[in-house]
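Student: task: produce atomic coordinates for the following.
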Amino acid sequence: MSEIEFIPKRLNQAPVVFWGMTMREVGMIALCGFLFGLVLGVLIAILSSEIAIAPTVAFLCAGASLYWGGRLLEKMKRNRPESWFYRAIQFRFRRAGFAIFGGADLIKDDEIFEIKRIRSPARKR
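Tutor: This next block holds a predicted model:
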């Protein structure tokens, strides 16, 4: 049986779907916008006593977050590695004290290291 010795790297990458974002990133941004809009819509619905405002505001915020968040993310990801966005999210959660999404293995502490040569004691010959 023959084996493929060379598989191009781009075959394993997620396809770009919308403004340089993969499907996972589109889903994350849309979900965050939807949840924010749902909270905002519920508050507006309570004040105006119109229940239909809540889902309307939620979907409008999801669309707006895709529009502006997609453009912002496109600028942030430019000339960076494929996994940069996910590692940045993991690092921010880790820095805040939450070791979720696989961020427990990330290094959180900042230290300054010095490299010095240490003189060894003179050897007797």
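Student: so how far is the helix or strand residue 31 falls within off the chain centroid?
Tutor: Here residue 31, judged by DSSP states H and E, is contained in helix 23-48. Between the centre of helix 23-48 and the centre of its chain there are 18 Å (C-alpha atoms, centre = their mean, to the nearest Å).
Student: which is the next helix or strand following that helix?
Tutor: Using DSSP H and E, the helix or strand that directly follows helix 23-48 along the chain is helix 53-77.
Student: just checking, which helix or strand succeeds that next one along the chain?
Tutor: For helix 53-77, the following helix or strand on the C-terminal side (DSSP H and E) is helix 84-95.
Student: which parts of the helix holding residue 31 are buried?
Tutor: Residues of helix 23-48 classed as buried by neighbour count (16 or more other C-beta atoms under 10 Å): 25-26, 28-30, 33-34, 36-38, 40-42, 45. In this view, the C-beta of every residue, glycine as well, is placed from N, C-alpha and C.
Student: helix 84-95 and that helix, what's the angle between them?
Tutor: Orientation check (axes from the mean of the first three to the mean of the last three C-alpha atoms, to 10 degrees): helix 23-48 against helix 84-95 gives 60 degrees.
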